[in-house]
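K.L.:
fold the following for me, if possible:
(6 chains)
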Protein chains: 6
Amino acid sequence: MFFHRQELQHQAKPDKPDAVYARKLQEVLGGQYGEITVAMQYGFQSWNTHLPGKYRDLLFGIGAEEFGHVEMLATMIAQLLEKAPVGAVEGAVQDDPTVAAVVGGTDPQQAIVAGAGARPVDSNGNPWSAGYVTASGNLLADFTANANAEMQGRLQVARLYHMTDDPGVRDLLSFLLARDTMHQNQWIAAAQELRDEGVEELPVPSTFPLGKEDRDVAYQYINFSDGEQASQGSWASGPTPDGKGEFEYVAEPPAGVPMPPPTKPDERLHGTAPGPTGLKKAAGTVKDALHKG
Amino acid sequence: MFFHRQELQHQAKPDKPDAVYARKLQEVLGGQYGEITVAMQYGFQSWNTHLPGKYRDLLFGIGAEEFGHVEMLATMIAQLLEKAPVGAVEGAVQDDPTVAAVVGGTDPQQAIVAGAGARPVDSNGNPWSAGYVTASGNLLADFTANANAEMQGRLQVARLYHMTDDPGVRDLLSFLLARDTMHQNQWIAAAQELRDEGVEELPVPSTFPLGKEDRDVAYQYINFSDGEQASQGSWASGPTPDGKGEFEYVAEPPAGVPMPPPTKPDERLHGTAPGPTGLKKAAGTVKDALHKG
Amino acid sequence: MFFHRQELQHQAKPDKPDAVYARKLQEVLGGQYGEITVAMQYGFQSWNTHLPGKYRDLLFGIGAEEFGHVEMLATMIAQLLEKAPVGAVEGAVQDDPTVAAVVGGTDPQQAIVAGAGARPVDSNGNPWSAGYVTASGNLLADFTANANAEMQGRLQVARLYHMTDDPGVRDLLSFLLARDTMHQNQWIAAAQELRDEGVEELPVPSTFPLGKEDRDVAYQYINFSDGEQASQGSWASGPTPDGKGEFEYVAEPPAGVPMPPPTKPDERLHGTAPGPTGLKKAAGTVKDALHKG
Amino acid sequence: MFFHRQELQHQAKPDKPDAVYARKLQEVLGGQYGEITVAMQYGFQSWNTHLPGKYRDLLFGIGAEEFGHVEMLATMIAQLLEKAPVGAVEGAVQDDPTVAAVVGGTDPQQAIVAGAGARPVDSNGNPWSAGYVTASGNLLADFTANANAEMQGRLQVARLYHMTDDPGVRDLLSFLLARDTMHQNQWIAAAQELRDEGVEELPVPSTFPLGKEDRDVAYQYINFSDGEQASQGSWASGPTPDGKGEFEYVAEPPAGVPMPPPTKPDERLHGTAPGPTGLKKAAGTVKDALHKG
Amino acid sequence: MFFHRQELQHQAKPDKPDAVYARKLQEVLGGQYGEITVAMQYGFQSWNTHLPGKYRDLLFGIGAEEFGHVEMLATMIAQLLEKAPVGAVEGAVQDDPTVAAVVGGTDPQQAIVAGAGARPVDSNGNPWSAGYVTASGNLLADFTANANAEMQGRLQVARLYHMTDDPGVRDLLSFLLARDTMHQNQWIAAAQELRDEGVEELPVPSTFPLGKEDRDVAYQYINFSDGEQASQGSWASGPTPDGKGEFEYVAEPPAGVPMPPPTKPDERLHGTAPGPTGLKKAAGTVKDALHKG
Amino acid sequence: MFFHRQELQHQAKPDKPDAVYARKLQEVLGGQYGEITVAMQYGFQSWNTHLPGKYRDLLFGIGAEEFGHVEMLATMIAQLLEKAPVGAVEGAVQDDPTVAAVVGGTDPQQAIVAGAGARPVDSNGNPWSAGYVTASGNLLADFTANANAEMQGRLQVARLYHMTDDPGVRDLLSFLLARDTMHQNQWIAAAQELRDEGVEELPVPSTFPLGKEDRDVAYQYINFSDGEQASQGSWASGPTPDGKGEFEYVAEPPAGVPMPPPTKPDERLHGTAPGPTGLKKAAGTVKDALHKG
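P.N.:
Numbers count the residues shown, from 1 in each chain, chains lettered A, B, ... in the order given. Prediction:
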């Protein structure tokens, strides 16, 4: 169960409206790595987990915070839009390049669809999609996904920080940056703890018997390009992070195997196919088959 | 530049057709974490990187391999579909529950749209979307994304392994499992190497001045749920992975701040708003404004 | 701010697993009118509203409940999937039509992607999209949208009720049906209250000056088909619900106006256009323009 | 069957081109509540209805009109784009802020993809999606959806009205505003008529036996936030619109029930799970199961 | 303007219901090449065309027919769904493999969402997307797109023909096949007529000055794979269809040019970049820049 | 298998950065007819083809080239973005209309998400979708799709050519224009060769027995609009391109057939339906049915 309190975790109040920035800020609300994504991601991971205890409590404990971040950003965006010019009326607005430029940089749907409100979309107006969410049931994989999400999220907030000089906006971004710092650290620690406790190991999934994979190529870096410097990396020699092998550098791919011959599906699918006598269609044969149904 | 050779990196030939399985295998071809995703992801990361040398060579070196994996899976799927029953004709097929069940489990578009061919979609028929791709220009964030992608991918292949007993299919999956083992290890090693060399650090982005984030909350685990076991994790006390702080456990969220008052945008957006005398609309006032344009 | 408690508002426990039904139940979790939609919709309406007081409290008060419904359904679905057969292995599973049929009716991504978990998708596996959300800033329009959402939602739950005979599932659906009954009634009452208090009126938006619309056609039913029975409805004569006119039935559309002539955009857009001498392209003229840039 | 006549229902001719406005106008052509949505929605409702007579005639009668509105808007948009600047050539265009601002506010696909033509997209360029359409087979639910669609549509047209001062554009919008006034009134009247005739009642679906829903919570407003003013609304006490109960205000949610324990799906799905001896994985056990397949 | 008549162009009545087939038939209603696509495509081409006369009349003349085809298919699908089993209730339905198989093969949304009705989606339930539509303003390109759409459409109908033996369904498909035959022929003839009249030529767009393209590679087949048989095709030697050159076969790609060096964008975007002394970040330098804002 | 070489097929280097143009250029990288589309389309066609030899070699030979074009455009876009202004900081940037206009015309995600990098999206930021790909298994249909794709692609590149005067950008576009000229010619030649060799004929699919289609309407132009000039086209009389008939012009559609009566699905789907005594619901009857389940 979720409960709501009419407060914000942190102040979310711009010093002045800025409709152009309101569009940009949508990215960390409704984008691939925005707050809606992490809120839903931690939710589905918690509901799908098979493990009671501290890991599930962790997912529950942070998920609700992220829904509150959605609320803070939506509230901020609505205020940034408060004095947005409606458009090209009342005089020469269209001809005033400053106003025209501002209008050009705004999200028209924030005005036309939401009446100067926040929307569950990214900075290009793409609606948020649940295709962004990761919740596999394997916690080591998912905590790695979470660490990535918090890294990408903090990176985007940092970029947005430089795109405004509004003290009120920057104050909120400072807060979000810090929470993302925490969450990056937290998921990295949690992923490590899974390994330290032997709950999960590398490679994910660690419960799949290694004997069933093709161990000959399990630690080879095979170079499909013509640059040679990748041979100098720690991924090209030495022990592997999973502790189960040694990296090997293969300078160019070994010979492959011939492709299997083209398929010959049912003629009633009317794909282009060779006839019995070379390329010429054996129309009669086909028709015989086809007359069956 | 990319070059193609009419060979496969590994044999991709089922022992017998299986149209139901052909649908499932679409997941690791065209799903969120399928081969198209990683091929495109490594491509865009390589084209956007600002760093010449071993990291870029690494991205180039693996990207082309993944396009070849797309090809192997597409080839496999086409063969699995080779003898798929076309449908409910030629007698009592519809009434034969075995055949009907098989038909029910197939992807109808593999037959109707592709004529018994592979498609760039997932196992539910959702077209692959570039919304799955991550390429931020920050390599520590992106290598973490890549590690996650390889974990999720190997997990899905492992699940698919148990859903077939076809030796030919399993042979290909064994190969893919091993390559995913390599790639998990590789991205983890590369992410660590970025940190060891001081190219990037935690938290991402490490070039953002920490003094500009709200350090008071940068290492607090704030518990927004009522479970208490998260306090026992390594994310609740002790040093943080970024080496810059100490985790702190906050058992429940501190009081927030009041929400800012509702916004009052331009009346010509016709949002529902209070009038000058409480809730009643001051129709006259509004109309005056509206008659302006 | 949102807070989470590790309880469910109502029991959500099936008597036995049913992987086929787990797929169907996704519709009211992640479909167009599923619980994610109403949770997000009430959230964005509350954050965008310009009106403090009872209407905003209403939106806040119900929004958090709906996030809890998301959680109940996700929990239920995970349990329905608990014993799902993994696939076609361990003997003749593939050849057993009962098992094969069950497999055919399941969502393969619930197994392959989520490891027997719930997903933020509908019953055909389409990821939830924020394109489903409505939050316009006009409360009379939005409360009507909400009434519709609760009607469609209750209708879908009612249909799902007949598709299972599991007492545990039906118990949860009974609860959800009742809450949807409440919410239908509530939004209808709230929409009426907006009108009774004069906060909003019909037609929406009531603050747009009627004198600026083309009043001649504002109450005409114009029949663009050849059925005549629509003339018998209350929408074809008598007073209009907005209290501002009388319905009129127009048996067939009056003559229209000629279409404007085709456009002639810049030749450098290379659209197909008539040349100066009829249809023949005046290549010279075009080229002159083109050589400019 | 549909027939086309080369006329428009109303004049659709701008006084002068305006490429920035052409982008905005896309919203009511190809957006969530644009003309394509209502045209398709009334179409699918008419084809799916189970009821011959006046209600079906109503759906047929208005559906074709809406396809004509699609045509009017597309024609208008093409004309608004007629003189759009192609880009940054022929001198210092890029450096002229007025021109640059205009270019910045346009939809680049209207030029690059459509050659100065209208497109089936919204004002942010999102392609129209059939995910916007509602056609459930239950007419009371669907007529409520239609009333909402016409309200949202008229609201958007009203907002767009203030964003231009072109007399030709405003003339068309005046016409569309009036038709939306009619259609709002019409669907409200039709929904009421369904109830007056006893064809459908509240709550939707009225044919679901009320005894099968959890009547104890069917009329309770349960407050999941901490605002108290919702208690003053007509949805918190008094008779309910469906005529079957009395509203009740519940100031805070009653205690819930414990969440069910985490699920334990098949180990071959490789989710993270507790082992037999606490958190430690019992690798042997798992492997035994796994070796089966 | 569009007008509707309550008739169908051709009988659309199945001999018996078939819910599994109802799902498949969705492909040619709401799929990439279904009737909605061609109806909307011809519509937008007609509204965007710059050429009055026979070509525009052709687009208008066929567009409305296609909307009628949408109606015929929707009507057919609703009838195919008329007796669909609701689900797993009333006894042992779930355990009857025949019924279970049928349920497995159906589209659950046709029941849950549409109440046994047609939906604007494809056979995998993907909502129709305007991303399928092509309308460029260049008629030679667009008529080629139309010819392709009619080919793909007829191919899919032909495949569907073999998937049923219902005489009523086949009767409708026979009609649709014939209309697709006509439309294929028609668009090929119209494309040729554009060329014969000199309105457009190859290559599209023919008004772009050939002198501005890199003529050296304008007729080279460059072989990026290792198969050699493409050298035998008419595209490898001899005159080109545009009448302006000779095909040339290039057995393998000539040497390329070095890739440009990696980019160095603003440091405030926090991409991973080399520092002044090799790979080591010059933290000081970065911070100086960053402290500016 | 695919191999990568760190070279570009042609120089891709702008003379100067231009962030506004970088957005526009996304169209031919990640749009409906961008390079990702053709690369993936030729790939899936080659993997699905049933025909060994020159046609398959052709598909393999060109597919890899197109992946290289993706790389060239991504590289170009990253360079165009190299000096993009980060935003509204460091003084009066927001108030400088020139800078503001530039910012307004850029893709905010190129900065916020990709750090001044290319993205797999179109010029409006829509992520590339595999819904753009065509690969049916029928080569005559697919080569026609390919010819269209190359026409639309060249048209878009030509339009983009006029939107910049940067010599470096134009140099690359000249190269791409020439390759599109080749590929248009190539697919037209290949489609013709299929017909000349009798591998495929018109109408597609040529293996479907013509006797099973409704030949009476297979060559009729039926005019559903009121323009008469389409009667003058080569599609209205004379021999048909498939060589199997004569075009016929039908000035207006013949009378249709009555629509089938509305469907009566299972009452448990709760659609609105007529009761036994006209419109009134026979509540008792319904409830009897409903009490069954």
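
K.L.:
helices along the stretch 1-150 of chain A, start to end?
P.N.:
A:19-30, A:35-48, A:54-80, A:97-105, A:108-112, A:139-161 (DSSP state H, counting those that start in this stretch).

K.L.:
how does chain A divide into domains?
P.N.:
A:19-196, A:210-250 (automatic domain parsing).

K.L.:
how far does the longest one stretch from one end to the other?
P.N.:
In this case it means domain A:19-196. 48 Å (Cα to Cα, to the nearest Å).

K.L.:
wait, A:D226 sits on E:M259?
P.N.:
No. Look at A:D226 against E:M259 with Cβ atoms under 8 Å: they stay out of range, at 11.1 Å. Placement of C-beta: from N, CA and C, glycine included.

K.L.:
burial count for A:D107?
P.N.:
27 (other Cβ atoms under 10 Å in any protein chain shown).

K.L.:
might you report the residue contacts of it?
P.N.:
Contacts for A:D107 (Cβ atoms under 8 Å, 6 or more residues apart in numbering or on different chains) come out as A:A22, A:R23, A:Q26, A:R119, A:V121, A:S123, A:G125, D:N124.

K.L.:
one more time with 10 Å
P.N.:
Contacts for A:D107 were tallied using Cβ atoms under 10 Å, 6 or more residues apart in numbering or on different chains; they are A:19-20, A:22-24, A:26, A:77, A:81, A:84, A:113-114, A:119, A:121-125, D:123-124, F:108.

K.L.:
hang on, the earlier thing: shared neighbours, A:D226 and E:M259?
P.N.:
Joint contacts of A:D226 and E:M259 (Cβ under 10 Å, 6+ apart) are B:M1, B:F60, F:R5, F:Q6, F:E7.

K.L.:
that older thread, so which of A:D226 and E:M259 has more stuff around it?
P.N.:
E:M259 (21 against 16).

K.L.:
shouldn't the more buried one be in contact with B:M1?
P.N.:
Yes. When contacts are counted by Cβ atoms under 10 Å, E:M259 is listed as touching B:M1 (9.4 Å).

K.L.:
so for the two, which residues contact both of them?
P.N.:
Contacts common to E:M259 and B:M1, judged by Cβ under 10 Å, 6+ apart, are F:R5, F:Q6, F:E7, F:L8, F:E71, F:M72.

K.L.:
nearest spatial neighbour of the third one, skipping sequence neighbours?
P.N.:
So the one you mean is F:E7. E:G256 (3.3 Å; Cβ to Cβ, 6 or more residues apart in numbering or on different chains).

K.L.:
now that neighbour: how far from F:T181?
P.N.:
To F:T181, E:G256 is 20 Å away according to Cβ to Cβ, to the nearest Å.

K.L.:
do the same with A:D196
P.N.:
62 Å.

K.L.:
how many residues are close by A:A111?
P.N.:
Other residues close to A:A111 by other Cβ under 10 Å number 31.

K.L.:
what of the one 10 residues further on?
P.N.:
When counting by other Cβ under 10 Å, one arrives at 28 neighbours for A:V121.

K.L.:
for it, what are its contacts?
P.N.:
For A:V121, the contact set (Cβ under 10 Å, 6+ apart) comprises A:23, A:26-27, A:29-31, A:34, A:36, A:107, A:109-110, A:113-114, A:127-128, C:130-131, C:133, D:124, D:126.

K.L.:
and the longest strand along chain A, how far from the chain's centre?
P.N.:
Looking across chain A with DSSP state E, the single longest strand is strand A:246-250. Mean-position distance between strand A:246-250 and its chain equals 30 Å (Cα atoms, centre = their mean, to the nearest Å).

K.L.:
which strands and helices sit next to the longest helix along chain A?
P.N.:
The single longest helix within chain A, with elements called by DSSP state H, is helix A:167-196. Contacts defined by 3 or more Cβ pairs under 10 Å, 6 or more residues apart in numbering or on different chains; DSSP states H and E place helix A:167-196 against helix A:19-30, helix A:35-48, helix A:54-80, helix A:139-161, helix B:139-161, strand B:220-222, strand B:238-239, strand B:246-250.

K.L.:
how about those in JSON lines, adding mean pLDDT, distance to A:K244 and mean neighbour count?
P.N.:
Putting these into JSON lines (pLDDT from 0 to 100; distance: least, Cβ to Cβ, whole Å; neighbours: other Cβ atoms under 10 Å in any protein chain shown) gives the following:
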{"stretch": "helix A:19-30", "mean pLDDT": "96", "distance to A:K244": "39", "mean neighbour count": "26"}
{"stretch": "helix A:35-48", "mean pLDDT": "98", "distance to A:K244": "27", "mean neighbour count": "26"}
{"stretch": "helix A:54-80", "mean pLDDT": "98", "distance to A:K244": "24", "mean neighbour count": "26"}
{"stretch": "helix A:139-161", "mean pLDDT": "98", "distance to A:K244": "15", "mean neighbour count": "28"}
{"stretch": "helix B:139-161", "mean pLDDT": "98", "distance to A:K244": "14", "mean neighbour count": "28"}
{"stretch": "strand B:220-222", "mean pLDDT": "98", "distance to A:K244": "32", "mean neighbour count": "21"}
{"stretch": "strand B:238-239", "mean pLDDT": "98", "distance to A:K244": "28", "mean neighbour count": "12"}
{"stretch": "strand B:246-250", "mean pLDDT": "98", "distance to A:K244": "30", "mean neighbour count": "15"}
